[in-house]
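[1] Kindly generate the corresponding structure for this input.
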Amino acid sequence: MSGTEAYRALSSKSRLEMLKLLYKKPLSVEEIAEGLGLQPITVRHHLRSLEEAGLIEAYEEKVGTVGRPRVYYRIIKEPPIVSFPKRRYLTLSNFLINTMKFILGANRAKKILEKVGTEMGESTVKRLDYEHDIKEWSLKAYEDFFIKKYLEESGAEPEVVKITDNKIVYRLHNCLFFELALKMPETICDTLHESFHEGVANAMGKEKIRIRRLTCMGHGDPYCEHVCEWQA
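    Numbering: from 1, shown residues only. As a prediction, the model looks like this:
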């Protein structure tokens, strides 16, 4: 895959919408066409561009006992990192974390990353407070501003799957640190990400909010699922 092919594939709004659908689950041409209100022939054209760019892949799955297998499309597990000009932040991050563990030891490095994650979470909530004039956080505000605003704009591809009076369950279909999470899930997922949510809870009012991770892409699950429980 060349950078030119990737940029060309991502330059289309329709193709970006297709990627958003496919982040949630594999789909057939007909299902994508129905979801976006496009003709199947148009969908096939866009899917071909995404395949050539190395962003998605096709596979066949038997439906029923007769007939031909149906073709489905899904996001490639490790899609190419597209940036211009090329950056090496991933390599730098990996090197810095491993060097910190080597020099300081695993336990001290973990404490530092926990502090970093907590401060990131608190800073994120404070920024949302300022930008949206949030005086007090509620479950509805968490859905509107943290999930649908912050996580959506960050590229996490969030999906709310269940809402009750005091609980919201949501999935993230794109891990923002996926490459690092696969290499070191205990560091990125179990330490940095967990402490980030602790910082979020602290800033929103730790006595009334609890955020738990149910599944994790870094540990091999198809998506990261979280539940946020709100105390009355």
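[2] Now do the SS call for residue 135.
    coil (DSSP: H, G, I helix; E, B strand; the rest coil).
[3] and the gap between it and residue 155?
    From residue 135 over to residue 155 the distance is 28 Å, taken as C-beta to C-beta, to the nearest Å. To be clear about C-beta, it is placed using only N, CA and C from the backbone, and glycine gets the same treatment.
[4] Same check on residue 188?
    Taking C-beta to C-beta as the measure, residue 188 and residue 155 are separated by 16 Å.
[5] How about residue 197?
    Separation of residue 197 from residue 155 (C-beta to C-beta) stands at 18 Å.
[6] just residue 54 next, same as before
    Taking C-beta to C-beta as the measure, residue 54 and residue 155 are separated by 18 Å.
[7] Looking at the two, which one has more neighbours?
    It is residue 54, of residue 54 and residue 155, that has more neighbours when counted by other C-beta atoms under 10 Å, with 17 against 12.
[8] According to the record, where do the domains of this structure fall?
    If the domains of the chain are taken from automatic domain parsing, they occupy 3-75, 89-230, with pieces of a single domain joined by a plus sign.
[9] Distance across the longest one, terminal residue to terminal residue?
    Translated: domain 89-230. Across domain 89-230, the terminal residues are separated by 36 Å (C-alpha to C-alpha, to the nearest Å).
[10] Average pLDDT for that domain, rounded please.
    If you average the pLDDT over domain 89-230, you get 93.
[11] ok so residue 160 is a strand residue?
    Yes: Residue 160 forms part of a strand when assessed by three-state DSSP.
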